[in-house]
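# mind folding the following:
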Amino acid sequence: MILEHPRFTEFDFSSIRCLTHGASPMPVKLMERALAVIPGIVFRQGYNMTETSPVLTVPPPGRPHARQPTIGKLASVGKPMIYCDLRVLDENDTLLPPARRGRGSCAVRR
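Modelled structure (predicted):
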């Protein structure tokens with residue numbers, strides 16, 4: 001929406017270092033377009049569910065996913081936030097090893 005604003009080119013974004021987005025991965029084409037017009041910006045994707053907390057996971061610090069070496073990680077949900085335990089299960093609720101796809105399960109420790 002910011003890129004589509006009719007007065008976008010009138011604003012100075014040089015003081016903004018990081019923007020966080022969520023709801024779904026940002027399309028790669030949109031990410032590339034934003035990186036071209038807002039030099040130096042880093043995008044951080046957060047993953048959440050209304051039923052759990054404001055944010056469950058983010059990419060690890062120091063590894064912004066929007067830069068060229070890691071742009072292929074846009075579909076990754078990142079690492080769990082503090083006080084959040086996450087598990088990846090298969091269709092039979094069996095715990096899967098790392099790097100396997102399944103359905104998620106989470107518990108928020110209070």
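# any chance you could map the strands in this structure?
Taking DSSP state E as the criterion, the chain carries its strands at 18-21, 42-45, 47-49, 53-58, 79-80, 84-89, 103-108.
# so which of those is the most surrounded?
Between those, strand 42-45 has the highest mean count of neighbours, a mean of 20, where neighbours are mean count of other CB atoms under 10 Å. Just so you know, the C-beta spots here come from the backbone N, C-alpha and C atoms, and that holds for glycine as well.
# circling back: could the strands of the chain be laid out in CSV, adding mean pLDDT and distance to residue 11?
Formatted as CSV, the strands of the chain follow (pLDDT from 0 to 100; distance: least, CB to CB, whole Å):
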stretch, mean pLDDT, distance to residue 11
strand 18-21, 80, 14
strand 42-45, 78, 18
strand 47-49, 74, 28
strand 53-58, 73, 26
strand 79-80, 78, 33
strand 84-89, 79, 35
strand 103-108, 57, 38
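# got CSV for these, with distance to residue 34 too?
Below are the strands of the chain laid out as CSV (distance: least, CB to CB, whole Å):
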stretch, distance to residue 34
strand 18-21, 8
strand 42-45, 7
strand 47-49, 19
strand 53-58, 18
strand 79-80, 23
strand 84-89, 28
strand 103-108, 28
